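Novice: predicted model follows, preceded by the sequence.
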Number of protein chains: 2
Amino acid sequence: MQTYKPQRFSAEQYAEAILKEDRIMLARAITLIESSLEKDQLIAEKLIEYLLPHTGNSLRIGITGVPGVGKSSFIESFGEYIIEQTQSKLAVLAIDPTSQKSRGSILGDKTRMEKLSQNPQCFIRPSPAGNSLGGIAKKTRESLLLCEAAGFNLIFIETVGVGQSEVLVSEMTDFFLLLMLAGAGDELQGIKKGIMEMADLLVITKADGENKLKSLEAKQNYQNALHLFRANEMDWHPPVTTCSALYKEGLENILFLIKQYIKSSKEKGFFEKKRQKQQIDWFRQTLKESLVDYFFRNEGFQKTIIEAEQSILEQKKDAFGAVREILGKYLQTKD
Amino acid sequence: MQTYKPQRFSAEQYAEAILKEDRIMLARAITLIESSLEKDQLIAEKLIEYLLPHTGNSLRIGITGVPGVGKSSFIESFGEYIIEQTQSKLAVLAIDPTSQKSRGSILGDKTRMEKLSQNPQCFIRPSPAGNSLGGIAKKTRESLLLCEAAGFNLIFIETVGVGQSEVLVSEMTDFFLLLMLAGAGDELQGIKKGIMEMADLLVITKADGENKLKSLEAKQNYQNALHLFRANEMDWHPPVTTCSALYKEGLENILFLIKQYIKSSKEKGFFEKKRQKQQIDWFRQTLKESLVDYFFRNEGFQKTIIEAEQSILEQKKDAFGAVREILGKYLQTKD
């Protein structure tokens, strides 16, 4: 295997190629976004700014579920189906908070979705590695914008793992689809409830063969459970449905429900409202990161931090005292 | 039920009571830490600073596992056992990233660990709610310090959910214990590998009754799988063991393995090194948050942000442009 050597272009070059739907340059631009080098970051920022007017035109769908639920098979089947039915151009992005230590995705996403990855209407990008989930989410959000600028009008954001990443994904998508497994332990575990509350649609996967009956039972159970939840702002009660990725069953109904939700969401102004909120959240997040970066990139500040760390390790200072001192030195004291 | 009205004390009052091992004041102080009010935060900060010299004397154990693995039963059984064997005072804290929307823990942790919660040697605190996992982790870390100051020499930090929270917990504990279930889908799913790499000990739970044989098989499988991993810095190969919380089997061995790890970790200087790294990470995290807070608490800055948000929604500005403008206004431009 060859070592990957990133080739750098200007923001204008990337932008021009992406608007021409050049996938190689799209992939390279995402690599640029994922880079933590300051000079890459500056180009990336400029690039996104160029492309912003060409973004926002896709339907963004978050897809999640516990490990083993069959996310890849579902995305493979449903992706193929939706491309065929709606002539969409589909980009699949992933957020995987568990790939921290080993860096990079554990399973190459491409090999997980063999057929879909060969579909010319589809672009699959594995999860970026990162130091923080917030950082990974930021990169994913920015990659999403690039994909939109490159003409993808349907984006799947898949989460690997259960917990916080769902919250982040629900904050950057229009529709949130939760995959569930029939009879996998308690039907209503605490963990699921928290995530179920965020879902716009619940799909019981692997509803085939000897699992079929169990899936229909599970569907009933989940439906009953959901009655205990409040409806969301737009008065949508998340439906529960079953599906077999293997036999491509239930896909039609899922697409129908998504379309129904989006239609109602747009009519009620909820779609636009949610997007606006996401935009504001993104702005605030970017602002916070930029503030921190501004200081941490300053040489004098870096030196001060390292000195403070030394004092902390030698127990001459405690963390809070050191923070106060640094704030006092670099910022005006508040009155 | 009465509405909870927080009663405020001075940092000195909290500190004095906590050092006298007053649990009611400990619980109140944790509530203070969890508060997002600025005035509470200022007292909390002072309090932690007072107590810091009295912290660090506990063994900090992270406990995680997928939903349904039996974390509560394990903690109940193992907690009772370890208190009995080592005369420890045990505090159990939880990180639950899924309780975002509904706020507050979904299941009261106390009811989940009925016997343990009645043990006078034990203090159980449910998961704080929060806006970000980082924020929740920060609160948990600070609660941990308070528990140490209150004389607890053993801390369990339980994570609910799978993914990023494990990373955070492994960054604040000395020992990381991963609970696993025999025969729950693929033995080596991607999600598990990422977390398995962080584990210092793997425990197969529910190894009783008709599950016993399957558990022993799973143990063998995991052991084989772990051979593919690199040993960690201190050359520790995470062992795999089985346990039945129901019949209190395997607990002795788990305690033995933990003791062995800690002994070796201390001898090799790894224990101290890890703690130091955690201290530095914590300092940096606190510094970053304080920087952001400094600006976001400033009235003029708040006004500027709101104006920028308006411009973004009216599409007069994009997020990056707005961030640059704000940085230019509030910080000296970099050259």
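Specialist: Yep, that arrived. Numbers count the residues shown, from 1 in each chain, chains lettered A, B, ... in the order given.
Novice: so what's A:Glu38 up against?
Specialist: A:Arg297 (Cβ atoms under 8 Å, 6 or more residues apart in numbering or on different chains). Yep, even glycine has a C-beta here, placed from its N, CA and C like the rest.
Novice: backbone dihedrals for it, both of them.
Specialist: phi -60, psi -40 (degrees, to the nearest 10).
Novice: now do A:Glu114
Specialist: Dihedral angles for A:Glu114 - degrees, to the nearest 10 - are phi -60, psi -50.
Novice: same deal with A:Gln121?
Specialist: phi -90, psi 0.
Novice: contact partners for it?
Specialist: A:Gln121 neighbours (Cβ under 8 Å, 6+ apart): A:Ile83, A:Gln87, A:Ser88, A:Lys89, A:Leu90.
Novice: same question for A:Gly209.
Specialist: Contacts of A:Gly209 by Cβ under 8 Å, 6+ apart: none found.
Novice: in chain A, what spans have low per-residue confidence?
Specialist: Segments of chain A classed as low confidence (criterion: pLDDT under 70) are A:1-7, A:97-112, A:129-133, A:160-164, A:184-194, A:230, A:332-335.
Novice: so which of the contacts of A:Gln121 wins on neighbours?
Specialist: The most crowded member of the contacts of A:Gln121, judged by other Cβ atoms under 10 Å in any protein chain shown, is A:Leu90 (26 neighbours).
Novice: list phi and psi for it.
Specialist: Torsion angles, degrees, to the nearest 10, at A:Leu90: phi -110, psi 130.
Novice: distance of it from chain B?
Specialist: 22 Å (Cβ to the nearest Cβ, to the nearest Å).
Novice: hang on, that residue packs against A:Ile157?
Specialist: No - taking Cβ atoms under 8 Å as the definition, A:Leu90 is not a contact partner of A:Ile157, at 11.6 Å.
Novice: can you give me the helices in the stretch 51-200 of chain A?
Specialist: A:71-86, A:109-112, A:114-117, A:133-149, A:164-170, A:190-196 (DSSP state H, counting those that start in this stretch).
Novice: hey, which of those helices is tucked in deepest?
Specialist: helix A:164-170 (a mean of 26; mean count of other Cβ atoms under 10 Å in any protein chain shown).
Novice: quick one, helices of the stretch 201-335 of chain A?
Specialist: A:212-226, A:251-267, A:270-296, A:299-313, A:319-330.
Novice: about what we covered before: among the contacts of A:Gln121, which two are most distant?
Specialist: A:Gln87 and A:Leu90 (10.4 Å; Cβ to Cβ).
Novice: now do the contacts for A:Leu257.
Specialist: Neighbour list for A:Leu257: A:Leu201, A:Pro239, A:Thr241 [criterion: Cβ under 8 Å, 6+ apart].
Novice: the first one: neighbour count?
Specialist: Neighbour count of A:Leu201, defined by other Cβ under 10 Å: 21.
Novice: end to end on stretch A:220-232, go ahead and measure it.
Specialist: 20 Å (Cα to Cα, to the nearest Å).
Novice: now it: buried residues?
Specialist: A:Asn221, A:Tyr222, A:Ala225, A:Leu226 (16 or more other Cβ atoms under 10 Å in any protein chain shown).
Novice: please report the distance of the spatially closest residue to A:Leu226 that is not a sequence neighbour from B:Asn153.
Specialist: Nearest non-adjacent residue to A:Leu226, counting by Cβ to Cβ, 6 or more residues apart in numbering or on different chains: A:Pro238, 6.0 Å away. Look at A:Pro238 and B:Asn153: by Cβ to Cβ, to the nearest Å, they are 46 Å apart.
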